[in-house]
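Peer 1: predicted model and sequence below, questions to follow.
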Amino acid sequence: MAGRPPLDLNQKVRALLQHTCPVDLGIDSPILNFDIRVDSALNLIRYVDAHIQRQAYYQTVYDRHMTLLNLQMLGSLIEAFERFLKEVAIVCVDFVAPNVFDDRFEAFTVKAGDLARQFDSGSIGRAMCESDTWLNNREINERFQKFLKPHFGKVWEKLFPIGREQPAGERERAKTLSILWQVRHNITHNSGYLTDADAKKITILAKTSIEGGNSLCPTLYDLRYVKQFLVETAKHTNKRIATRLAKLLTELHDDDKSLFDVQEIANQVSQKFQQPLVVGGATGEI
């Protein structure tokens, strides 16, 4: 009797690339997409927890599995915020790039190969932003400072100021975000295990002693607080960037009124950021 034919694991693993599904994120708005992503992460935990509670289970096993699920969802929440920043940057570049001829995009390190692969997208923003990571406050600051700088000026303000940088009112939010970036790094590269290096970095960032050799075990309450922080940060950041982009587009239009129709652009920008914005005296409709 012939045995089973051997599995070609190389082929089986590569087959997963064909297992995709449509992304149903509503209208093309970074802040709405972000809301859907973070809600999905917490809803998954609620769904699993609600169905487990109906069955007989061992508490120790339940705790172990839910801790792992919580850790994965913590990473998903932080990744959703990174994706939000990337999508916002894409929107900004798409609106600004066709109307400027200066050095504001030199902060990007896009390679020719990456640019060519994004050619069919029809989006300058995707070509410039998709291949980079957005997981470091300093790099995020440099990018947004440059491509949202005034029409005649050097840089815009820092989005997430480091140390004693300005604006002072954004410092605490930026500090917490820098901790979450490091947590995401730990989850991605060390599965939540706190190496000595991870522990020292987080200790410096959080200014509280963190022991190495343990694993992160986030609770459901931890996830709720992280979600609330990221949602508030996303809304606040969305408003800051939207206001700045509208002002920059107004500056560009004031300098050359043939660049674009202000009402059309005001409507498009307002819909992307889900708030009424004024460009060149025209108020956009959502």
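Peer 2: Arrived safely, thanks for sending. Please read these numbers as outputs of a predicted model, since none were measured by experiment.

Peer 1: so, low pLDDT: which residues of the stretch 151-286 of the chain?
Peer 2: Residues of the stretch 151-286 of the chain meeting the criterion pLDDT under 70: none.

Peer 1: how about the strands in it?
Peer 2: Using DSSP state E, counting those that start in this stretch, the strands of the stretch 151-286 of the chain run over 278-279, 282-283.

Peer 1: for the stretch 1-150 of the chain, just list every one of the helices.
Peer 2: 9-15, 30-52, 59-96, 112-117, 124-129, 137-147 (DSSP state H, counting those that start in this stretch).

Peer 1: mean neighbour count for the ones you listed - can I get that in a markdown table?
Peer 2: C-beta coordinates here come from the backbone N, C-alpha and C atoms, glycine included. Compiled in a markdown table, the helices of the stretch 1-150 of the chain are given as follows (neighbours: other CB atoms under 10 Å):
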| stretch | mean neighbour count |
| --- | --- |
| helix 9-15 | 9 |
| helix 30-52 | 16 |
| helix 59-96 | 19 |
| helix 112-117 | 11 |
| helix 124-129 | 22 |
| helix 137-147 | 20 |
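
Peer 1: ok, the most centrally placed residue in the chain - contacts?
Peer 2: Compute the mean C-alpha point of the chain, and by CA atoms, centre = their mean the closest residue is Glu82, 1.9 Å away. Shown in contact with Glu82 (CB atoms under 8 Å, 6 or more residues apart in numbering): 133-135, 184.

Peer 1: and Lys200, by the same measure?
Peer 2: Applying CB under 8 Å, 6+ apart, we find Lys200 in contact with 210, 212.

Peer 1: ok, it to Asn214 distance?
Peer 2: 13 Å (CB to CB, to the nearest Å).

Peer 1: give me the below-cutoff pLDDT ranges for the stretch 1-150 of the chain.
Peer 2: 1-2, 24-27, 107, 109-121.

Peer 1: and with 90 instead?
Peer 2: Counting by pLDDT under 90, the ranges of the stretch 1-150 of the chain that qualify are 1-6, 20-28, 48-63, 65, 101-133.

Peer 1: what's the separation between the residue nearest to Ser123 when sequence neighbours are not counted and Asp28?
Peer 2: Distances taken as CB to CB, 6 or more residues apart in numbering put Asp94 closest to Ser123, at 5.7 Å, once the chain neighbours are dropped. Distance of Asp94 to Asp28, given as CB to CB: 11 Å.

Peer 1: likewise Phe273?
Peer 2: 11 Å.

Peer 1: which one of the two has more residues nearby?
Peer 2: Neighbours per residue, other CB atoms under 10 Å: of Phe273 and Asp28, the larger number sits with Phe273, 24 against 13.

Peer 1: so what's that one up against?
Peer 2: Taking CB under 8 Å, 6+ apart, one finds 29-31, 91, 238-239, 241-242, 245 in contact with Phe273.

Peer 1: let's go with 7 Å and repeat that
Peer 2: Residues in contact with Phe273, defined by CB atoms under 7 Å, 6 or more residues apart in numbering, are 31, 238, 242.

Peer 1: hmm, Ala234 and the first one touching each other?
Peer 2: Yes. Under the criterion of CB atoms under 7 Å, Ile31 makes contact with Ala234 at 6.2 Å.

Peer 1: for the residue lying closest to Asn137 once chain neighbours are set aside, grab the count of nearby residues.
Peer 2: Excluding its sequence neighbours, the residue lying closest to Asn137 (CB to CB, 6+ apart) is Phe160, at 4.2 Å. Phe160 sits with 23 neighbouring residues when counted by other CB under 10 Å.

Peer 1: please give me every residue in contact with Phe160.
Peer 2: 137, 140-141, 170, 174, 177.

Peer 1: got it, and Arg83?
Peer 2: Arg37 are the contacts of Arg83 under CB under 7 Å, 6+ apart.

Peer 1: hey, where'd the helices end up in the stretch 151-286 of the chain?
Peer 2: Using DSSP H, counting those that start in this stretch, the helices found in the stretch 151-286 of the chain span residues 171-190, 196-206, 220-255, 262-273.

Peer 1: distance to His65 added to the ones you listed, as CSV?
Peer 2: Below are the helices of the stretch 151-286 of the chain laid out as CSV (distance: least, CB to CB, whole Å):
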stretch, distance to His65
helix 171-190, 17
helix 196-206, 23
helix 220-255, 13
helix 262-273, 39
